[in-house]
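J.: Take this sequence and fold it.
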Amino acid sequence: MAEQGLREQRGRGDRRRAAVALAVSGAAALVVGGTAVPAQADPAEHYVALGDSYTSGPRIPTQVDVACERSDQNYPSLTAKALGVATFEDASCGGARTTHMWEAQGANPPQLDAIDKKTTLVTVGISGNDIGFGEIIGTCTVLSFTDPTGNPCQRQYTATGEDVLATRIADARTKVDAVLDAIHERSPRARVVVVGYPVIVPDDGVGCWPAVQMAAGDIPYLRDTEKRLNAMLADAAAHNRAAYTDTYASTVGHDICKSPADRWVEPLVPASPAGSFHPNAKGEAAMADAVVATLAKPGRGRF
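T.: Predicted coordinates for the structure are as follows:
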C-alpha cells in the first residue's frame with residue numbers, strides 16, 4: 001500500500017509539473033515582437049479592432065486597405081496573431097474620429113458595425129483626430145520656422161488665455177464615453193481595451209530642430225498635451241468598464257528625434273515606411289506587446 005501511495009504521489013507531482021510547464025509555455029507564446037504565437041487558436045475569442053491611423057498603421061507594409069491606410073502589421077493584427085484568436089476583424093481607418101464609430105468614412109462602414117453579441121474582445125484607439133491631430137502637427141511645424149528656439153505653437157493655442165488643446169481633450173471625453181457605452185451595448189460579453197497613444201516627441205522635453213521641425217519651447221507643451229490626452233483615455237476606461245493600455249511608457253526613448261534605427265515613430269519625412277508622425281513597424285509591434293501584456297493580467301482584461 002505504501003508503495004502504491006508513493007506511485008500516486010509521484011504521478012500527481014508529474015501532472016503538476018506538466019501543468020506548470022504548459023502554463024509557462026502558454027505565457028511565453030504571448031510574445032509579439034519575437035513573433036511567437038500560440039500553437040492553437042482560442043476557439044472562444046472573437047476580436048474586433050476599432051480606431052484611427054495609430055491603429056491602422058499607414059504605409060507600413062503590407063497595406064491591406066489603401067483607402068483606410070490599414071496594415072496587416074499593425075498592432076491589432078499582431079495582437080490577434082499573438083492571442084491566436086478564432087476570428088479577427090480590423091475596422092480601423094486612418095483619419096477616423098469618434099463620429100466614425102457610427103458614420104461611414106468613405107467606403108469604410110461605421111466601425112461599430114463590425115461588433116455584435118458574439119464579439120468577445122474589442123480594442124479601440126480613438127480621439128486623436130477629435131482634438132485635431134493633423135492640424136496641430138501642421139501648425140506647430142510651420143510656426144517653428146518663425147521662432148525655432150521659442151514656443152510659437154504654444155502661444156498660438158493659448159493666445160486667449162485658455163489652452164485650446166486642453167479644452168478639446170476635455171470635450172473629447174464625453175465622445176469617448178459614448179463610444180465605450182455603444183461597444184458595451186452591442187457586445188455585452190466583450191472585454192474592452194482602450195489603447196493610448198505612444199510617445200511622439202522626446203519625453204525629456206528636448207527637441208532636435210531643424211532635424212524635426214518643432215520649436216524647442218514647444219516640445220514640452222506638445223509632450224504634456226499628449227500625456228493629458230492619454231490621461232483622459234485612461235480615466236474614461238476606468239469609468240466605463242474597460243481596461244487601459246499605456247503605450248507611452250514602453251515607447252519612451254524611441255521618439256521622432258531618435259536615429260532611424262532607434263525610433264519607433266517617424267518624423268515629417270519618414271526614413272522607414274510609415275505615416276508622418278506615426279508609428280513605424282517597430283512602433284506598432286511595441287504597441288501590440290503592450291496590449292498583450294494588458295490582456296495577460298489577472299482577469300485577462302475583464303472589467
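
J.: how about the helices of the chain, start to end?
T.: Shown for the chain, the helices assigned by DSSP state H span residues 2-28, 53-56, 75-83, 133-144, 152-157, 164-186, 218-238, 281-295.

J.: neighbouring contacts of the second one?
T.: Which is helix 53-56. Outside helix 53-56, the residues within contact range by Cβ atoms under 8 Å, 6 or more residues apart in numbering are 49, 65, 68-71, 74-76, 90, 92-96, 123, 125-126, 128, 195, 197-198, 275, 278-279, 287. Bear in mind the C-beta positions are built from the backbone N, C-alpha and C, glycine included.

J.: Of these, which belong to strands?
T.: Among the contacts of helix 53-56, the ones falling in strands (DSSP state E) are 49, 65, 70, 71, 90, 123, 125, 195.

J.: thinking again about what came up before, just the buried residues from the contacts of helix 53-56, in PyMOL please.
T.: Buried residues among the contacts of helix 53-56 (16 or more other Cβ atoms under 10 Å), as a PyMOL selection:
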select buried, resi 49+65+68+69+70+71+74+75+76+90+92+93+94+95+96+123+125+126+128+195+197+198+275+278+279+287
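
J.: Most widely separated two among the ones in strands among the contacts of helix 53-56?
T.: The distance between the two most remote of the ones in strands among the contacts of helix 53-56 (Cβ to Cβ) is 19.0 Å, for 65 and 195.

J.: and residue 188, how many neighbours does it have?
T.: Residue 188: 9 surrounding residues under other Cβ atoms under 10 Å.

J.: measure the spatially closest residue to it that is not a sequence neighbour to residue 187 for me?
T.: Excluding its sequence neighbours, the residue lying closest to residue 188 (Cβ to Cβ, 6 or more residues apart in numbering) is residue 117, at 6.8 Å. Plainly put, residue 117 is 6 Å away from residue 187 if you go by Cβ to Cβ, to the nearest Å.

J.: higher neighbour count, these two?
T.: Using other Cβ under 10 Å as the criterion, residue 117 and residue 187 rank with residue 187 on top: 22 against 11.

J.: Is that one in contact with residue 115, as I believe?
T.: Yes. If you go by Cβ atoms under 8 Å, residue 187 and residue 115 touch, sitting 4.7 Å apart.

J.: Show me the common contact partners of those two, please.
T.: Common contact partners of residue 187 and residue 115 (Cβ under 8 Å, 6+ apart): 48, 122.

J.: helices and strands of this structure: which one has the lowest mean pLDDT?
T.: The weakest-scoring helix or strand in the chain, judged by mean pLDDT, DSSP states H and E, is helix 2-28 (a mean of 39).

J.: Now for residue 270: which residues touch it?
T.: Taking Cβ under 8 Å, 6+ apart, we find residue 270 in contact with 59, 276, 280.
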